[in-house]
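In: give me a 3D structure for the following:
(chains A, B, C and D)
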Protein chains: 2
Amino acid sequence: MSEEKRITYQTIRRLPGYYTLLKRLEQQGQQSVSAKAIAALTSQTEIQVRKDLASVSQGGKPRTGFEVRELIAAIGSVLGYNNINDAVLVGVGHLGRALLCYEGFDEYGLNIVAGFDHDPDLSGIRVGGKPVLPLEKLDSFCRRTSTHIGIITVPAAHAQNVCDRMVQNGILAIWNFAPVHLEVPSDILVEHENIATSLSLLSQNLARKMRGETP
Amino acid sequence: MSEEKRITYQTIRRLPGYYTLLKRLEQQGQQSVSAKAIAALTSQTEIQVRKDLASVSQGGKPRTGFEVRELIAAIGSVLGYNNINDAVLVGVGHLGRALLCYEGFDEYGLNIVAGFDHDPDLSGIRVGGKPVLPLEKLDSFCRRTSTHIGIITVPAAHAQNVCDRMVQNGILAIWNFAPVHLEVPSDILVEHENIATSLSLLSQNLARKMRGETP
DNA sequence: TAGATTGTTAATCGATTAACAATC
DNA sequence: TAGATTGTTAATCGATTAACAATC
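Out: Numbers count the residues shown, from 1 in each chain, chains lettered A, B, ... in the order given. Okay, the predicted model is just below:
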């Protein structure tokens, strides 16, 4: 029934932004919204928004626009927010703690089930309601539970090692916060969250601005 | 003397990755490196790397490749890592703390000078060696010191308010971690760090993989 | 010299923008 | 009906890939 539309990489990058906005509009009781309005609220062009929505939605209605709830469901379905995925996190430092405590992940279909750290002082405690286990238990834990996502928040020097162990024990997708490139088999997904990248874009643009150049 | 080469947005996004790698190679005592080697260590194509490096470097030498130190200096200069920028951070929750404690920012030219929070229990304490001040002092602090970068780690509901105050007090570039779109004057830079975006890319790809589709 | 590697120019690919027809 | 809005097809733009000449 529903056509298999090809959704481009760039569109997928923008969808979470629309999703966040639509959720807010829904809460405010708004029932429908036009591409023009979404564009204004996300600083994009109207045409861009229309094209993006066309690739996920069942369609809007001339004059009234798109149904907010339908859009939320459609984007959520494309982005996989509906089927919750379990994840393990390795490296319970500051960043690891922040992620363990973050409450918004369920909304995006992510459920961190446990944290791991090689510091024995940490094992046994709970952070954000999640148990922290010794690193030795990572392997058996991954195998026993059907966990497919691994989050790496260890220092750069240990990241590849942790990554290898995850892959050996059935992890299929890795969210890497360590500032290092990971080598993985070609069928394993890696999403590198590089805090330095966006910072670089910012400071590079700022420097250019200070010099009085045009963007 | 040095030609003003136009560096594309996509190239700038990849430069931090090369930079991290080159720093490691430098530490290991390596003096020169070929585009081919960099490509292998960052999972990119050789041509891509060559093109990227061509837009920042003084040039490499056939047979030997590029000088590691020269590349580091060139990329650092383009990305603005050399001139340190002061920044203020608002919202000393888990994520705010993690950023205040992160030691690697100097390397990227960022220096967080203080954190701000509206919780009176936090004011006066130090996090990561940085003072935490009451939110009321944000305005005067920004004016007094010549701070141009603002980091927002408050809940979504307060982000626009904090943003407005920053802009009013001379902040030129904003690094936003709150999951909300910020409205700013056109001359203010905003870099939106959306943790949900990369997570979405990951889970979307994972879901597709589970269904046995090709990427 | 021969060969590896750079750097540049041309070809392809993908994404954005523009134009316009369809529709409530 | 008139007008706002969607959706699609074509044109433009930018980035990647390929091909090949230049050089140490």
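In: burial of A:Ala157, as a residue count?
Out: 10 (other CB atoms under 10 Å in any protein chain shown). Any C-beta I mention is one placed from the backbone N, CA and C, and that applies to glycine too.
In: where does it sit: helix, strand or coil?
Out: Judged by DSSP: H, G, I helix; E, B strand; the rest coil, the three-state class of A:Ala157 is helix.
In: relative to DNA strand C, how far out is it?
Out: According to CB to the nearest atom of the strand, to the nearest Å, A:Ala157 and DNA strand C sit 27 Å apart.
In: same check, this time on A:Val49
Out: The value you get for A:Val49 to DNA strand C, if CB to the nearest atom of the strand is used, is 10 Å.
In: equivalent analysis for A:Tyr18, please.
Out: Counting by CB to the nearest atom of the strand, the gap from A:Tyr18 to DNA strand C is 13 Å.
In: any residue of the helix or strand containing A:Ser198 touching chain B?
Out: For A:Ser198, the host element (DSSP states H and E) is helix A:195-210. Yes: applying CB under 8 Å from any CB of the partner chain, one finds helix A:195-210 in contact with chain B at A:195-207, A:209.
In: near DNA strand C, from these?
Out: Among the residues of helix A:195-210 next to chain B, no residue sits close to DNA strand C (CB under 7 Å from any atom of the strand).
In: save these as JSON lines, and put in distance to B:Ser140 too.
Out: Below are those laid out as JSON lines (distance: CB to CB, whole Å):
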{"residue": "A:Ile195", "distance to B:Ser140": "29"}
{"residue": "A:Ala196", "distance to B:Ser140": "31"}
{"residue": "A:Thr197", "distance to B:Ser140": "33"}
{"residue": "A:Ser198", "distance to B:Ser140": "29"}
{"residue": "A:Leu199", "distance to B:Ser140": "26"}
{"residue": "A:Ser200", "distance to B:Ser140": "30"}
{"residue": "A:Leu201", "distance to B:Ser140": "29"}
{"residue": "A:Leu202", "distance to B:Ser140": "24"}
{"residue": "A:Ser203", "distance to B:Ser140": "25"}
{"residue": "A:Gln204", "distance to B:Ser140": "29"}
{"residue": "A:Asn205", "distance to B:Ser140": "27"}
{"residue": "A:Leu206", "distance to B:Ser140": "22"}
{"residue": "A:Ala207", "distance to B:Ser140": "26"}
{"residue": "A:Lys209", "distance to B:Ser140": "24"}
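In: so which of those residues would you say is closest to DNA strand D?
Out: DNA strand D lies nearest to A:Leu201 out of the residues of helix A:195-210 next to chain B, by CB to the nearest atom of the strand, at 12.5 Å.
In: and that closest one, how many neighbours does it have?
Out: Residues near A:Leu201, counting by other CB under 10 Å: 21.
In: got it, and A:Ile151?
Out: 28.
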